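Q: sharing a model that was predicted from the sequence below.
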Amino acid sequence: MRHYFTIFSQEVRALLYSPSTYIASVFFLAVMGFVFASILDEYNRAAQETPPAVVFFQYFWFPVFFMVPLLTMKSFAEERRQGTLETLLTAPVSTAEVVLGKFSAAYLFYLLLWGSTIGFHYILHLYARDERLLDSGPLVGGYLFIAVSGLLFVSIGVLSSALTRSQAVAGILCFTLLLGLIGGINYLGDLSALNTGAMQPAKAAVESLSIPRHVEDFTHGVVDTRQVFFYLTGSTLALIFSILGVEAKILHS
Amino acid sequence: MADTPDITIEVSHLVKSYGSLTAVNDLNFTVRRGEIVGLLGPNGAGKSTTMRILTGYLPATSGSVRICGHPVASRSELTKRHVGYMPENNPLPEDMRVSEYLWFRGRLKEMPRARLRARIDEVLELCDLKRNRHRILGRLSKGNKQRVGIAEAILSEPAVIIMDEPTIGLDPHQIIIVRDLIASLRGRMSVIISSHILPEIEATCDRVLIINSGRIVAQGSPAELRHQIFGHVSYHVELSGDTAALASRLPAIEPSLKISALGDPGPDGFCSVTLMTSAGQDLGEQILHALPPLGYRIRALSRTEPSLEDVFLAATRRSWDARLPDQPALRGDSRAPLPKV
C-alpha cells in the first residue's frame, strides 16, 4: 500500500488543478442552494412537521445522479484513452492501489462538496435566529448517510469508468446503474405484485434495500448496522469488480 | 545498480496468442548487462507485444521471461522495479508539468525524496529539458515529449530500459539527439528499442533481432547479419576490355569470384560489371592488380555491402515465403531469391 498515497495525492492534485472541478462545485452549490431555498419557501407557506434538514436530505438523489458520474467518469476512461494506464501499471504498483487511490480522491471530493452544504444550514440558523432550525440530530444523521452511501455511489462510478475507454459511456453507465440502484429498487418495493402473502419475504428484502428509506432512518437518528453493512459490502464489491475490470480489459486488449 | 546480474533479460519459448492469432511464437533471446538491442520487424510482427510482456503489463500465454533473474509472471512487483518503459507513442498526462510528472513517476518507482530531487535535475540535464521543466506536458513539442518519455524511463536508473519506437515522428535533428541519448546509456543499462528506421538501429544497437510473425528470423550484430543472410560481398567495377573472357579469368584472382551482372559497353568502351564473392577478406587490391596486366582498363571500383535494409527485407521475406513451423531460422538452401545488391 506504499503507492496508495502517491496515487491519492496525485489524483487530489489533478482535481484541484483542473478548472472543471471548480465549475462543477459552483453548479453543485447553485443547484443545492436552489433546492434548499425552495424547501424554505415551502416552510414559509405552511407549517411543516419535519425540520428542513430532513426534507433537504430526501433530495440527496438529485446531486448524486449528476455529480457522481461527473466526478468519476474520468478516472480510468481518460487514462485508458490517453494510454497512460499502460505507463501507470508498468510502474511497480498494483491495480488495487491504483483503483483505491482514484476512488479515495473522488470520494474525498464528494464529501467536500456535500460538506460545503453545511453552510446552508448555518446561514439559515444565523438569519432566522431559531435554534430549532440548526437541529443537530437530523444534520448529523443526514451527513452520516451521505458519507456512508457515498462509498457505494462513488465506487459504482469508478466501476463504470473502469469498464470503458469512453468518458461518455462511463458517465451514462454510472447514471443508469445509480438510477437502477436508487430508483429501481424503490420502484420494485412499491409493486403491487409483491403484496400477496407468498411474496412477503421478497417485499421485505426489497424494501430494506430501498435507499430513500435509509435516508429517512438516518435523518431520524436510526443508524441501522444492516444498512451500513449494505453500503460497505456494496462498495467493496464494486471496487473488487473495478480491479478485475481494469485487469480483464488489459488481458483482452 | 550494483547487484545487477550479467544477464538482465532472459526470454525462453515465449508464446502469446490473442484468440486464434499468435502474435509471438516461441521467442528465445537473452540480453546482457549494458547491451543495446534493437528489435526490428514489420508491422504486426509482435515487437510491441514482446515488449509489453517484458514489462509485465501483458501476461504471456506460455514460456518464461526473467528480468534480472526474477520471473516476470510470478514476481512482477519485483521485476517492474528493474524496468524503465516507454510505450509506443509515449503517452503522457496532458495537464501536468514536466517536473511534476517526473516527481510523481519517481515516487511511484519508490525513489526516496532527497535522491529523487537530485536525480530529476540530472535527467533533465541529460535530456536537455532544463528550460522546459515547468512547462505543461500537453503543450510540449513532439521532440520534447519524447525526451520526457526517455527521461522518465531512465529516471530510477533501472537495469533494463525498454523503448517502443523512441524516434517515431521526430525530425532528423531530434532523432540524432535521441540516438545519442540512447547511446550514452551503453554499458550501464540494458536497452531494448524497437524501430522501423533501420539506419537508426544500425547506428545505436550492438545487436539486432529481426522478428517476423512472432519469430526471430535473424539475430546478431549488423555486420554478422549481413554475412549470415547474404554470405557474399559485391564489387562494382567499371572497366573496358574483353568482357566475354572475363568470367574465365576471375577464378585466378579468387576461386569464388563470379560475375553476377554485366552491363553493355557504353560509347567510350567502358561497361559496368558486378562481381560477387563469398570470400571474407577484401579483394579490392587484388582485382586492381590482376586485371590491368590481362588487358583491362579499370576506371572505378567500389565494394558494396548490403545495407541493414536489404538484410531486413531478405530476412523477413524469407520467413514470409517459407514459414514452416520447425524450420531452423537460418538455412542457406531455403532462401528466397536475394534482392539485387
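A: That came through, no problem. Numbering: from 1, shown residues only, chains lettered A, B, ... in the order given.
Q: quick one: contacts for residue B:236?
A: Residue B:236 makes contact with B:272, B:273, B:274, B:275, B:300, B:301, B:302, B:303, B:304, according to CB atoms under 8 Å, 6 or more residues apart in numbering or on different chains. Glycine gets a C-beta too; all of them are placed from N, C-alpha and C.
Q: nearest to chain A, of the residues you listed?
A: Taking CB to the nearest CB as the measure, chain A lies nearest residue B:304 of the contacts of residue B:236, at 42.3 Å.
Q: where does the residue of the stretch 1-150 of chain B found nearest chain A land in three-state SS?
A: Going by CB to the nearest CB, chain A is nearest to residue B:91 of the stretch 1-150 of chain B, at 3.2 Å. Taken by DSSP: H, G, I helix; E, B strand; the rest coil, the conformation at residue B:91 corresponds to coil.
Q: also near chain A: which of the contacts of residue B:236, exactly?
A: By CB under 8 Å from any CB of the partner chain, no member of the contacts of residue B:236 lies near chain A.
Q: quick one: low-confidence residue ranges for chain B.
A: B:1-3, B:280, B:318-341 (pLDDT under 70).
Q: let's see that with 50 instead.
A: B:1, B:322-341 (pLDDT under 50).
Q: would you list every one of the helices in it?
A: Applying DSSP state H to chain B gives helices spanning B:47-55, B:76-79, B:98-108, B:113-126, B:142-154, B:172-183, B:198-204, B:222-229, B:246-249, B:284-290, B:308-321.
Q: hang on, the earlier thing: and the residue of the stretch 1-150 of chain B closest to chain A, what does it touch?
A: Taking CB under 8 Å, 6+ apart as the test, what residue B:91 contacts is A:82, A:83, A:84, A:86, A:87.
Q: just give the closest residue to the second one, not the sequence neighbours.
A: When you say that, I think you mean residue A:83. residue B:91 (3.2 Å; CB to CB, 6 or more residues apart in numbering or on different chains).
Q: where do the strands sit along the stretch 201-341 of chain B?
A: B:207-212, B:215-220, B:233-240, B:258-262, B:271-277, B:297-304 (DSSP state E, counting those that start in this stretch).
Q: how close does the residue most central in space within chain B get to residue B:228?
A: Centroid-nearest residue in chain B, with CA atoms, centre = their mean: residue B:38, separated by 3.0 Å. Distance of residue B:38 to residue B:228, computed by CB to CB, to the nearest Å: 16 Å.
Q: repeat that for residue B:211.
A: The value you get for residue B:211 to residue B:228, if CB to CB is used, is 15 Å.
Q: so those two - more neighbours on which side?
A: Comparing residue B:211 with residue B:228 by other CB atoms under 10 Å in any protein chain shown, the one with more neighbours is residue B:211, at 27 against 16.
Q: okay, and the beta partners of that one?
A: Beta-bridge pairing of residue B:211 under DSSP bridges involves residue B:216.
Q: who's in contact with it?
A: B:27, B:39, B:40, B:41, B:45, B:46, B:47, B:50, B:217.
Q: before we move on, what about residue B:67?
A: Each residue near residue B:67 by CB under 8 Å, 6+ apart is listed here: B:8, B:9, B:54, B:79, B:82, B:83, B:159, B:160.
Q: and for residue 45, the neighbour number?
A: Going with chain A. Neighbours around residue A:45, by other CB under 10 Å: 7.
Q: I was after chain B.
A: 23.
Q: so it sits against residue B:209, correct?
A: No - counting by CB atoms under 8 Å, residue B:45 does not reach residue B:209; the two are 10.4 Å apart.
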